[in-house]
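> just the structure for this:
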Amino acid sequence: MNTAELICAMIAYSQGNTHDIEHFLKVTAYAKTIGEAEHLDPETQTSLEYAAVVHDIACP
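Below is the predicted model of the structure:
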């Protein structure tokens, strides 16, 4: 699964809750930018982005 597929899965999981969707998209964009600025290796960059997408999955 790539980041785009994970984002699509999380959008479906969020069941239209635009607040949650906008939040994890913003966090993911920040994480992607910071990781690229820090020149992370590809595997670490991917892990960072995945973690950003799902970071609030357990929140009600």
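> which of the three states applies to Asp20?
Here Asp20 is helix, with the state taken from DSSP: H, G, I helix; E, B strand; the rest coil.
> surely it and Asp56 touch.
Yes. Applying C-beta atoms under 8 Å as the test, Asp20 and Asp56 come out as touching, 6.9 Å apart. (Each C-beta comes from the backbone N, C-alpha and C, glycine too.)
> so the two - more neighbours on which side?
Looking at Asp20 and Asp56 with other C-beta atoms under 10 Å, you find the greater number of neighbours at Asp20, namely 17 against 14.
> any idea how far the more buried one lies from Val53?
From Asp20 over to Val53 the distance is 11 Å, taken as C-beta to C-beta, to the nearest Å.
> what about this structure, any weak spots by pLDDT?
Filtered on pLDDT under 70, the chain yields the residue ranges 60.
> find the centremost residue of it, please.
For the chain, the residue nearest the mean C-alpha position is Val53 (2.1 Å; C-alpha atoms, centre = their mean).
> check which helix or strand it maps to.
Under the criterion of DSSP states H and E, Val53 resides in helix 42-54.
> and that helix, what does it pack against?
Applying 3 or more C-beta pairs under 8 Å, 6 or more residues apart in numbering; DSSP states H and E, one finds that helix 42-54 contacts helix 3-13, helix 18-37.
> can you redo these as CSV with distance to Gln45?
Converted to CSV, those look like this (distance: least, C-beta to C-beta, whole Å):
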stretch, distance to Gln45
helix 3-13, 10
helix 18-37, 5
